[in-house]
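A.B. asks: coords below, sequence missing:
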Ligand code: NAD
Ligand code: TYD
C-alpha cells in the first residue's frame, strides 16, 4: 500500500477528500491525515472513517519541519496532497502573519521534506491545492485561465500565491514532481460557518442578522465540494507533473442572490415564508474586496474529462439539509469566541 500524506485533512475540503480516498482506495492507499486542528479543523468531520485500517491521524503543525520529516520516514510517504492552510480572507486582514507562517513557511517546510526524503525520485508527487484568488479580481467579462498573471490582493491570496510560486520553484530548481490546482469557491457540508454560505445558514437558524458586505454584487464561481474532491482525485492520478489545472463550477452568482436563495430555501423547509429576508443587513465593505472571480476549466475538462456533477440548486439543497440536520455540529464549532471576532463587521 502506498502512503499518501493529506495535510489539513480535518478541515472542510480536506475531510471530504480524506473520506473519499479512504473509502474508494481501501486496498490501494494508506491515508495519513496531518492536521494541527486549528479552529477550522475538527475530527468530528471524520468520525465515520476514524477506525478504518487504511486511515491514520497525526496531530501536527506544518510550521514544524522536524515533525514533518518524522512523518515522511515513519509512514514512507509516497505522495502529498497539501491542503493545510489558513483559509479565510477576513481573518487574513486581521492577522496576515499567521497566513505567512502556515501558508508560505509551512508549504516550504513540506517541500523541503519531500525534496530531502524523495531524493529526486520521479515516482512521487507533491500536489498543492490552491485557489483562484491568486489571479486577482475580474471586471464584468472574462475568466481566469491557467496562464492568467498572478495578481493577489488580500493577505490570504498573497500567501497562497507565494506558496504556489515556491511549489513551481521546487519543480524548476530541484526537479520535485509537483502539480498545482487552483479552484473556485467551494460549498457543502462541514464548512466552517465563517464563510458566506454556512455563515448565512447558521445566522438564519439562529435569527441573527445576515451581513452583506458592500452592495452584495460581488461575484463568486461556486462549486460543490464533492465535485472538487473528484477533480483532485482525477488530477492526482492523471495530471501531468509541472502542470497547473483550474477547477471551477461554471456557476457565477452574486452574493445577494445566494443569500436570498438561502433565505427562501430555509423558510420553505421551516414553514416560515418571507421571514428570513428581513434579517438581511448591508454592512461596511470588506477592505480590498475582490469584485468577481470566474474560472475557465477547459483544460481539466478536455484533458482529464472532468465535469462538475452537482447542479447549484441541488448542491445548495443538500448543503442546507445537512446543516439543518447537524445543528449540534454547528453549535459545537461556534462555541468558541469566533463570533466576537465578527462583531466589528456588523458596523453599518
Ligand atoms: P479549512 O480552513 O476548512 O481547513 C484548513 C485545515 O488546515 C484545518 O483542518 C486546519 O486545522 C488545518 N491547518 C491550518 N493550519 C495548519 C498548520 N499550520 N499545520 C497543519 N494543519 C493546519 O480550509 P478549506 O476551506 O478546507 O481549504 C483547504 C485548502 O483548499 C486550502 O489550502 C485553501 O487555500 C484551498 N482552497 C479552498 C477553497 C474554498 O472555497 N474553501 C477554494 C479553493 C482552494
Ligand atoms: P467568503 O465565503 O469569505 O469567501 P471568499 O472571500 O474567499 O470568496 O466570501 C464569499 C463572498 O461573500 C465574498 O464576496 C465576501 C462575501 N461575504 C459577505 O457579503 N458577508 C459575509 O458575512 C461573508 C463571510 C462573506
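C.D. replies: Here it is on my side, so go on. None of the values given here were measured: they were computed from a predicted structure. Ligands and ions are numbered 1, 2, ... in the order given.

A.B. asks: check contacts around residue 193.
C.D. replies: Residues in contact with residue 193 (CB atoms under 8 Å, 6 or more residues apart in numbering) are 199, 201, 202, 330, 333, 334. The way it works is simple: take the backbone N, C-alpha and C, and place the C-beta from them, glycine included.

A.B. asks: which among the residues you listed gets closest to residue 309?
C.D. replies: residue 201 (22.1 Å; CB to CB).

A.B. asks: Quick check: whatever residue of the stretch 201-348 of the chain ends up closest to ligand 1 vs residue 141, distance?
C.D. replies: Distances between the stretch 201-348 of the chain and ligand 1 by CB to the nearest ligand atom are smallest at residue 228, namely 7.3 Å. Distance of residue 228 to residue 141, computed by CB to CB, to the nearest Å: 25 Å.

A.B. asks: between the two, who's got more neighbours?
C.D. replies: residue 228 (25 against 7; other CB atoms under 10 Å).

A.B. asks: Would you mark the buried spots in the helix or strand containing that one?
C.D. replies: Using DSSP states H and E, residue 228 falls within helix 225-238. By neighbour count on 16 or more other CB atoms under 10 Å, the buried set for helix 225-238 is 225, 226, 227, 228, 229, 230, 231, 232, 233, 234, 235, 236.

A.B. asks: what's the average pLDDT for it?
C.D. replies: The average pLDDT within helix 225-238 is 98.

A.B. asks: Show me what that helix is packed up against.
C.D. replies: Where contact means 3 or more CB pairs under 8 Å, 6 or more residues apart in numbering; DSSP states H and E, helix 225-238 is packed against helix 12-24, strand 77-82, strand 125-131, strand 178-183, strand 186-187, strand 244-247, helix 298-304.

A.B. asks: which strands and helices sit next to the longest one?
C.D. replies: For helix 12-24, the packing partners by 3+ CB pairs under 8 Å, 6+ apart come out as strand 2-7, strand 29-35, helix 225-238.

A.B. asks: How about residues contacting that helix?
C.D. replies: Contacts to helix 12-24, defined as CB under 8 Å, 6+ apart, come from residues 4, 6-9, 29, 31, 33, 35, 40-42, 45-46, 48-49, 52, 54-55, 81, 83-84, 87, 129, 186, 188-192, 225-226, 228-230, 232-233.

A.B. asks: what mean pLDDT does it have?
C.D. replies: For helix 12-24, the per-residue pLDDT values average out at 98.

A.B. asks: what sits against the closest residue to residue 223 other than its chain neighbours?
C.D. replies: Distances taken as CB to CB, 6 or more residues apart in numbering place residue 249 nearest to residue 223, at 3.5 Å, with adjacent residues excluded. Taking CB under 8 Å, 6+ apart, we find residue 249 in contact with 184, 221, 222, 223, 224, 227, 295, 308, 312.
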